[in-house]
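S.K.: pasted the sequence and its predicted model underneath.
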Amino acid sequence: MLEQLKSNNVVLVGLKKVLLFPFSVIKYSTEGISFIKRKIKKQGFDFSSVDKIDGEELNQELAKVKKQSAEFKNKITLKEEKNKNYSFNYIVKNEFGETIKGSFEGPSLEAVKVFLEGEYEDVLSIKPREKWDIDINIGGKFKADTLAFFLTQLATYLRAGITLVDGIRIMVKQTTKPYEKKVYSKIVYSLVGGDTFSKALSLQNKVFPEFLISMVKTSELTGDLPSVLDEMAEYYTKIDKNKRSLRAALSYPLIIFMVAIGAVVFLLTEVVPKFQDMFSSVNGKLPGITIFVLQMSSLIQKYGIFILGGLILFISMFIWFYKNNRVFKKKVQTVFMKFPVFGELIICNEVSNLTRTFATLLNHGVFITDSMEILSAITTNEVYKSIIYRTLIGLSKGAKISDTFKGEWAFPIVAYEMLATGEATGQLPEMMTKVSTHFADIHEAKTSSLKSLMEPFIILFLATIIGFILLAVIVPMFSLYNQI
């Protein structure tokens, strides 16, 4: 049987994948052997002609696989140790005599020292950073506006005849943000060490988007880096503009809602209690609206801290699940995308970004399937990740790209029709650019109109809430006045 397995490489790989996981469970086990048979059969091996499996022989094969797995893990560990970087704190002086402190990562103290000596006038001190010495210059991915500025500056330097390394060195000196200075210095370190620009960007712990790295890699093959940098700068400028307008449209009602809650809490905890004793002297039954407000006031005063704690816990859990559970995130995004008006804004923004990115990739010769994989990696919307996944499956079966988008509720019919036209005429990238521009214009127009339309409704909402509480206080006062 083992000879039969070895004659089928696909099955043998599948066998190793199965054996490495449940090794301790299936050893000398009839159930384990059946488990392996089921797993391998799913990958195409037919056991119908095999009457009996030698458990001892299979166990010997298991031992070989386990040994190979251990050797492989050791090689990976050694490779990781070889490529591991260590953190160092340094103090240097620049050409103007200014003292600069910072931190840097490198394979050894000597390597970092050689690099710093080439970048600065004098290296005063360089020491390994202690475990307790936390680096406060912690950041994450560069935002769209930061990327746009970085790319614009770099393209300008290259067009002026400044080399890539020297251009980034200038940016190291110009930036006042420690995290950006650290990232730019690490790029210079990689470039000086012989790495390509795309490789240097990819080594920065996902600071730079996969899309940008792919475009830079393409430009390195065509020798047109400045043009690509300009194009990418324009791309991220538009991304930033769309994000800002969408954030402004959504944040305004949220701020008003928070103000309304604050006003209600203030009235219920500070104003209403002062009238409670007065209302107790009123003969007769209090109005229902007043009783409701008094009960709410009493509830908040007694259990306000628990309500606040529960609210904070709920929001924290919601955010955690949203960030760590893709299924939950997709459901939340689906709900928001189906909201009237707001959902249209989100869809317009996502379609504009998706088609603009797709058009850019195709214009630079990236294959459609590779473009879709890059799109899947850079989008943060799980609904569109699913659409891209289904598109890839359709493309693998020979379907047209426009047909794969047909019927998707989050991809408007207008966009589908324009893509189908572009595909039929052989102008898919150009048509995708038009789709992006079309939905970007719709997004901008809807955002502007939404702001003007929401203002009176928000004011009315705020007035209704506060007026309700004030009415609950004023009505009993008329009864009290009539008793005097």
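M.R.: On my side now, so go ahead.

S.K.: how much space between residue 468 and residue 350?
M.R.: According to C-beta to C-beta, to the nearest Å, residue 468 stands 38 Å off from residue 350. In this view, the C-beta of every residue, glycine as well, is placed from N, C-alpha and C.

S.K.: same check on residue 126?
M.R.: Distance, residue 126 to residue 350, using C-beta to C-beta: 47 Å.

S.K.: tell me which of these two has more neighbours.
M.R.: Neighbour totals were compared for residue 126 and residue 350, and residue 350 leads with 23 against 18 (other C-beta atoms under 10 Å).

S.K.: who's in contact with the more buried one?
M.R.: By C-beta atoms under 8 Å, 6 or more residues apart in numbering, residue 350 lies in contact with 379, 381, 383, 384, 410.

S.K.: in a helix, it, correct?
M.R.: Yes. Under DSSP: H, G, I helix; E, B strand; the rest coil, residue 350 sits within a helix.

S.K.: and it, what pLDDT?
M.R.: pLDDT, residue 350: 91.

S.K.: immediately after the helix or strand harbouring residue 168, which helix or strand?
M.R.: For residue 168, the host element (DSSP states H and E) is helix 164-174. Sequence-wise, the next helix or strand downstream of helix 164-174 (DSSP H and E) is helix 178-192.

S.K.: hmm, residue 447 and residue 348 touching each other?
M.R.: No. Residue 348 is beyond contact range of residue 447, at 9.1 Å (criterion: C-beta atoms under 8 Å).

S.K.: pick out whichever of these two has more residues nearby.
M.R.: Ranked by neighbour count (other C-beta under 10 Å), residue 348 and residue 447 place residue 348 first, with 24 against 20.

S.K.: where's the nearest residue to residue 420 once chain neighbours are set aside relative to residue 395, distance?
M.R.: Nearest residue to residue 420, sequence neighbours excluded (C-beta to C-beta, 6 or more residues apart in numbering): residue 402, at 4.0 Å. Per C-beta to C-beta, residue 402 is found 11 Å from residue 395.

S.K.: which residues of the stretch 51-200 of the chain score low on pLDDT?
M.R.: The model of the stretch 51-200 of the chain has pLDDT under 70 over residues 51-85, 130-139.

S.K.: what helix or strand is the residue nearest to residue 351 when sequence neighbours are not counted located in?
M.R.: Nearest residue to residue 351 in three dimensions, chain neighbours excluded: residue 439, at 4.8 Å (C-beta to C-beta, 6+ apart). Using DSSP H and E, residue 439 sits in helix 428-483.

S.K.: chain center to that helix: distance?
M.R.: Distance of helix 428-483 from its chain centroid, counting by C-alpha atoms, centre = their mean, to the nearest Å, is 29 Å.

S.K.: just stretch 409-425 next, same as before
M.R.: That offset, for stretch 409-425, works out to 27 Å (C-alpha atoms, centre = their mean).

S.K.: for it, buried residues please.
M.R.: 410, 411, 412, 415, 416, 418, 419, 420, 422, 423 (16 or more other C-beta atoms under 10 Å).

S.K.: and the most centrally placed residue in the chain, which of the three is it?
M.R.: The chain has residue 380 as the residue nearest its centroid, 4.9 Å off, counting by C-alpha atoms, centre = their mean. With three-state DSSP as the basis, residue 380 sits in coil.

S.K.: for the helix or strand harbouring residue 215, which helices and strands make contact with it?
M.R.: Using DSSP H and E, residue 215 sits in helix 210-222. Contact here means 3 or more C-beta pairs under 8 Å, 6 or more residues apart in numbering; DSSP states H and E; on that basis helix 210-222 packs against helix 197-202, helix 225-266, helix 342-363, helix 368-378.

S.K.: of all these, which lies closest to residue 463?
M.R.: Ranking those by distance to residue 463, with C-beta to C-beta as the measure, places helix 225-266 first at 9.7 Å.
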